[in-house]
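J.: Sharing a sequence plus its predicted fold:
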Number of protein chains: 2
Amino acid sequence: MISGSFSLGLKKTYEGAMHVCGVDKDEEALKKAKALGIIHNIKPMAEAVAEADVIAIGIPVDALSLLLPEILDNCQKDAVVIDFGSTKKAICASVADHPKRVNFVAAHPIAGTEYSGPEAAFASLLEEKVMILCEEEKSGKAQLELFNELCWMLEMRISKMDPAEHDLHLAFVSHLSHVSSFALSQAVMEKEKSEEHIFDMAGSGFASTARLAKSSPEMWSPIFMQNKEHLLEGLSAYIDQLNDFKVLLENGDEEGLKSYMQGANKIKDIVDKIN
Amino acid sequence: MISGSFSLGLKKTYEGAMHVCGVDKDEEALKKAKALGIIHNIKPMAEAVAEADVIAIGIPVDALSLLLPEILDNCQKDAVVIDFGSTKKAICASVADHPKRVNFVAAHPIAGTEYSGPEAAFASLLEEKVMILCEEEKSGKAQLELFNELCWMLEMRISKMDPAEHDLHLAFVSHLSHVSSFALSQAVMEKEKSEEHIFDMAGSGFASTARLAKSSPEMWSPIFMQNKEHLLEGLSAYIDQLNDFKVLLENGDEEGLKSYMQGANKIKDIVDKIN
């Protein structure tokens, strides 16, 4: 979805001047990507990596940490290798001492949906979104210039930060949201085993909070594992908040509940800014 | 929002044939409702209740339980009194033995947003949504006929159920979603106190799970209180699920995490049906 949207987004500017080669372990996905106009042709990884000017990698973060050194080993001298991983610390560490570290740009576009695969890609996904850039000082000048140009063409805003800071913040504002949704889905489906027709009454509120529970386990399990410590901190804080609410409810403390919710209402300013 | 949307939705059919009188303790809200074409005029409750053919009540559920007997006392002999409360057991109990119980239709439209007040009302809110009807057997024949006609005109689908069943199911598929969102908002805002710029990285996933945290404490506190026992059951099940996930993560059980998420993925069929 992410690398496909990156390709479709850039086609709007570079159509004709750009040739996109697809690499994936899933052949069906490649065929679909070709049919959807996301890629022009399909090649084995070694061949594609050896030829490419820009290499954009959108795969699970554990595979990223493993493959990235090999991709840098084999890429062209001036190539730009960009990753789209949702964690940054382990990925940056995997190539920290690589002789071709300058070829790598550590990135994370803050964009996505609960879907994955080429059919979920669309040209405007990255438009007006934030592209996080980590360890800018370790990327080459030419690589950064091209990266900046691509982000500009995609109408993305670049935000620079440290990989550790990235992972901590993402644990709270993204990874924790996914866990809250997976767990909500499990709790309600468990109840449905004893109660029929429970979902007849589910409305847009439920859909909103349970939407992320549709997300890919193959993408998210490695993210959670690579960001384990920060996510555990976030999860503990979240469970503490739920227990605080539970105590207020058990005590029938209506004023306490109102005050709790008034505090939570302050999220309005933040949520309303997100597009 | 709900009663305003009810009025705007019906105007599409009955414009000219319908005169809507607004009653509220908030005079500003009434002025706005008039300016927005939701109501034609403003009257004190006693006067409005004594004149109305249809009385639609969209107020916090604790106020509903208190006011409903008085409204039935004073409504016309053939009037239809409809409530839009998000709980049904306490509301139905408040008029169970009322001599004019036939005038009351216990309803709950499964529709809404995180906003409230007249400015949040819109004509299509109720369109193609479910209208829950409780204790149909206790409403009069003429009242049910008019209620059915109004739902038909609003393109709503009526779903009949017992008040206790309603409250149990709503605890899981609506009230729990709201708590999950309020608590997520609190946990992330708490973290922001020690970390700056945390929200620069919040994307659509966070917005989706935190959206309901913008909901009105005045509306939701009485809902949680009236549905306390079921909601506590739901909250305990939810906290248990979060703790299960936490143990898997602590143990670095990647296969266990994937299997947990694959289970949660099954919510897809349900979420995709919600409009």
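T.: Sure thing, it's come through. Given the structure is predicted, the values throughout are model-derived calculations rather than measurements.
J.: Apart from its chain neighbours, what residue comes closest to the most centrally placed residue in chain A?
T.: Nearest to the geometric centre of chain A sits A:Ser86, at 4.3 Å (Cα atoms, centre = their mean). Nearest residue to A:Ser86, sequence neighbours excluded (Cβ to Cβ, 6 or more residues apart in numbering or on different chains): A:Ile223, at 4.8 Å. No exception for glycine: its C-beta is placed from N, CA and C like everyone else's.
J.: Likewise for A:Met131?
T.: Take A:Met131 and drop its neighbours on the chain: the residue closest to it by Cβ to Cβ, 6+ apart is A:Met156, 4.4 Å away.
J.: pretty sure A:Pro109 is touching A:Glu128, no?
T.: No - at 11.3 Å, A:Pro109 does not count as touching A:Glu128 under the criterion of Cβ atoms under 8 Å.
J.: And the two? Which one has more around it.
T.: Remark: of A:Pro109 and A:Glu128, A:Pro109 carries more neighbours, 23 against 11, as counted by other Cβ atoms under 10 Å in any protein chain shown.
J.: mind checking how far A:Met189 is from chain B?
T.: A:Met189 sits 6 Å away from chain B, going by Cβ to the nearest Cβ, to the nearest Å.
J.: That residue belongs to a helix?
T.: Yes - membership of A:Met189 in a helix is supported by DSSP: H, G, I helix; E, B strand; the rest coil.
J.: Spell out the residue ranges of the helices in chain A.
T.: Using DSSP state H, the helices of chain A run over A:2-14, A:27-35, A:45-51, A:61-74, A:89-94, A:141-153, A:163-170, A:176-192, A:204-210, A:217-226, A:228-250, A:254-265, A:268-271.
J.: where among the ones you listed is the average confidence lowest?
T.: Looking at those, the lowest mean pLDDT belongs to helix A:268-271 (a mean of 91).
J.: Mind exporting the C-alpha coordinates of it to CSV?
T.: What follows is helix A:268-271, C-alpha atoms only, in CSV (Å, rounded to 0.1, in the frame of the first residue of the first chain):
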residue,chain,number,x,y,z
LYS,A,268,-10.2,17.8,20.3
ASP,A,269,-7.5,20.4,19.3
ILE,A,270,-5.2,17.6,18.3
VAL,A,271,-7.6,15.3,16.5
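J.: First residue to last residue on stretch A:17-34, what's the distance there?
T.: 17 Å (Cα to Cα, to the nearest Å).
J.: Also stretch A:97-106?
T.: Terminal residues of stretch A:97-106 lie 14 Å apart, using Cα to Cα.
J.: is chain B contacted by it?
T.: No - using Cβ under 8 Å from any Cβ of the partner chain, stretch A:97-106 never reaches chain B; the gap is at least 14.5 Å.
J.: what comes up buried for that stretch?
T.: For stretch A:97-106, burial by neighbour count (16 or more other Cβ atoms under 10 Å in any protein chain shown) applies to A:Lys100, A:Arg101, A:Val102, A:Asn103, A:Phe104, A:Val105, A:Ala106.
J.: pLDDT added to those, as TSV?
T.: As requested, the buried residues of stretch A:97-106 are arranged in TSV below (pLDDT from 0 to 100):
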residue	pLDDT
A:Lys100	98
A:Arg101	98
A:Val102	98
A:Asn103	98
A:Phe104	98
A:Val105	98
A:Ala106	98
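J.: got JSON lines for these, with distance to B:Ile71 too?
T.: JSON lines is the format used below for these (distance: Cβ to Cβ, whole Å):
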{"residue": "A:Lys100", "distance to B:Ile71": "76"}
{"residue": "A:Arg101", "distance to B:Ile71": "73"}
{"residue": "A:Val102", "distance to B:Ile71": "75"}
{"residue": "A:Asn103", "distance to B:Ile71": "73"}
{"residue": "A:Phe104", "distance to B:Ile71": "69"}
{"residue": "A:Val105", "distance to B:Ile71": "66"}
{"residue": "A:Ala106", "distance to B:Ile71": "63"}
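J.: Let me know the closest of the residues you listed to A:Lys12.
T.: A:Val105 (21.2 Å; Cβ to Cβ).
J.: so what's in contact with A:Pro109 and A:Glu128 at the same time?
T.: Jointly contacting A:Pro109 and A:Glu128 under the rule Cβ atoms under 8 Å, 6 or more residues apart in numbering or on different chains are A:Met156.
J.: Quick check, the residue nearest to A:Ser86 in contact with A:Lys88.
T.: No - using Cβ under 8 Å, A:Ile223 is not in contact with A:Lys88; the gap is 10.9 Å.
J.: higher neighbour count, these two?
T.: Neighbours were counted for A:Ile223 and for A:Lys88 using other Cβ under 10 Å; A:Lys88 has more, 27 against 23.
J.: For that one, which residues are in contact?
T.: A:Lys88 makes contact with A:Ala106, A:His108, A:Ile132, A:Cys134, A:Pro163, A:His166, A:Asp167, according to Cβ under 8 Å, 6+ apart.
J.: Name the nearest residue to the second one, ignoring sequence neighbours.
T.: I take that to be A:His108. Leaving aside its sequence neighbours, A:His108 sits nearest to A:Ile132 (Cβ to Cβ, 6+ apart; 4.3 Å).
J.: how near is the one you found to B:Thr209?
T.: To B:Thr209, A:Ile132 is 20 Å away according to Cβ to Cβ, to the nearest Å.
J.: And those two? Which one has more around it.
T.: Taking other Cβ under 10 Å, A:Ile132 and B:Thr209 do not tie; B:Thr209 has more neighbours (30 against 22).
J.: Neighbours of A:Arg114, how many?
T.: Not quite, residue A:114 is Glu, not Arg. 21.
J.: close enough to count as contact, it and A:Trp220?
T.: No - between A:Glu114 and A:Trp220 there is no contact under Cβ under 8 Å: 10.4 Å.
J.: can you tell which of the helices of chain A is closest to B:Asn148?
T.: Nearest to B:Asn148, of these and by Cβ to Cβ, is helix A:204-210 at 24.2 Å.
J.: Dump the C-alpha coordinates for the closest one into PDB.
T.: In PDB, the C-alpha atoms belonging to helix A:204-210 read as follows (Å, rounded to 0.1, in the frame of the first residue of the first chain):
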ATOM      1  CA  SER A 204     -20.200   4.500  13.500                       C
ATOM      2  CA  GLY A 205     -18.600   4.900  16.900                       C
ATOM      3  CA  PHE A 206     -17.800   1.200  17.100                       C
ATOM      4  CA  ALA A 207     -16.600   1.200  13.500                       C
ATOM      5  CA  SER A 208     -14.300   4.100  14.300                       C
ATOM      6  CA  THR A 209     -12.600   2.500  17.300                       C
ATOM      7  CA  ALA A 210     -12.500  -1.000  15.800                       C
END
